[in-house]
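Novice: the following comprises the amino acid sequence and a computationally predicted model.
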Amino acid sequence: MSFFKKLHSFFYPEASGERARDTKGRFKSDDKKTPNVNEAYKDGKKPKAKAKTKAKRGRGRPKGSKNKPKK
């Protein structure tokens, strides 16, 4: 890790993703009145969404189908 990346991560830490809980142990919700802070997470930042993988597609029509090439 380079010096500048360490410096950047020191001043701008990544979101931990750990949810905040109330006194009964239930998850807290976000207060919509404060747009800058997300109370649902301990550090106040929502983690970045993970990239979705593309669903694998089938390999065409099965053998014996009615979609045969014309002769």
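Specialist: That came in fine, so what should we check first?
Novice: let's check: the centremost residue of the chain is which one?
Specialist: In the chain, the centroid-proximal residue (CA atoms, centre = their mean) is Ala49; its distance is 2.0 Å.
Novice: what separation do you get for that one and Ala15?
Specialist: Counting by CB to CB, to the nearest Å, the separation of Ala49 from Ala15 is 11 Å. No exception for glycine: its C-beta is placed from N, CA and C like everyone else's.
Novice: before we move on, what about Lys28?
Specialist: Taking CB to CB, one finds Lys28 at 15 Å from Ala15.
Novice: phi and psi next, for His8.
Specialist: phi -60, psi -40 (degrees, to the nearest 10).
Novice: what's the answer for Phe4, then?
Specialist: Main-chain torsions, Phe4, degrees, to the nearest 10: phi -70, psi -30.
Novice: what about it, distance to Gly17?
Specialist: Applying CB to CB, the value for Phe4 to Gly17 is 24 Å.
Novice: compare these two (neighbour count), which wins?
Specialist: Higher neighbour count among Phe4 and Gly17: Gly17, with 12 against 8, using other CB atoms under 10 Å.
Novice: the more buried one and Pro47 touch, don't they?
Specialist: Yes - applying CB atoms under 8 Å, one finds Gly17 in contact with Pro47, separated by 3.9 Å.
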